[in-house]
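Undergrad: Model the following, please.
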Amino acid sequence: MNRVESLVKELQDAYDGEPWYGDSLRQTLDGILDGTDESRLRERPRIPELVAHITSWIEITNRRLDGEIFEVTDEINFRTPGAWADDLARLDKAHRALLDRVAKLTDAELDQKMAGKPHSVEYGVRGVVQHNIYHQGQIALLRK
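TA: So this is what the prediction gives:
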């Protein structure tokens, strides 16, 4: 397995696969509304905000992988959540786009600088995995 394949597997496992540490992000999110309506979810306001924030950073990384240089504003970083189903669809779409983008990279491209950043593409993408896992832990605690 080359570095790109390894990175894609890491992204997939953490998002909706079988990571070594337990549930994936989507497993943690699945079932949040089981037996309740969406208004109940708003009783836990941090979960929708965390999902919007996670999605924002996947989208930011996608934009940077496409060569876009921009400032991350609070508006980009902390988007207001919408309807829960729409937020999950946005998350899935952003994740699929990242997987597709990373799968097309070469190992040499992983060593190139991320657009507008001093770090490599690989470092930036691995940062998404770590960021997702960090906030997944917060969501798991809020679910309890």
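
Undergrad: all contacts plus neighbour counts: C-alpha atoms, from now on.
TA: OK.

Undergrad: Lowest-scoring secondary structure element of this protein by mean pLDDT?
TA: Of the helices and strands making up the chain, the lowest-confidence element is helix 38-41, at a mean of 61, by mean pLDDT, DSSP states H and E.

Undergrad: Quick one: name whatever helix or strand follows that one.
TA: helix 46-65 (DSSP states H and E).

Undergrad: So what touches that next one?
TA: Residues outside helix 46-65 that contact it (Cα atoms under 8 Å, 6 or more residues apart in numbering): 41-42, 72, 76-81, 84, 87-88, 90-91, 94-95, 97-98, 101, 114-116, 121, 124-125, 128, 131-132, 135, 139, 142.

Undergrad: in that helix, what's buried?
TA: 47-62, 64-65 (16 or more other Cα atoms under 10 Å).

Undergrad: burial measure for Asp74, as a count.
TA: Neighbourhood size, Asp74 [other Cα atoms under 10 Å]: 8.

Undergrad: any idea how far it lies from Arg126?
TA: Per Cα to Cα, to the nearest Å, Asp74 is found 22 Å from Arg126.

Undergrad: now the helices: where do they sit in this structure?
TA: 3-16, 25-29, 38-41, 46-65, 74-77, 84-103, 107-110, 121-143 (DSSP state H).

Undergrad: what's in contact with stretch 19-35?
TA: Contacts for stretch 19-35 (Cα under 8 Å, 6+ apart): 13-18, 40-41, 132-133, 136, 139-140, 143.

Undergrad: Could you rerun that using 7 Å?
TA: Stretch 19-35 is contacted by residues Asp13, Ala14, Tyr15, Asp16, Gly17, Glu18, Leu41, Gln136, Ala140 when judged by Cα atoms under 7 Å, 6 or more residues apart in numbering.

Undergrad: By neighbours, which of these wins?
TA: Gln136 (25 neighbours).
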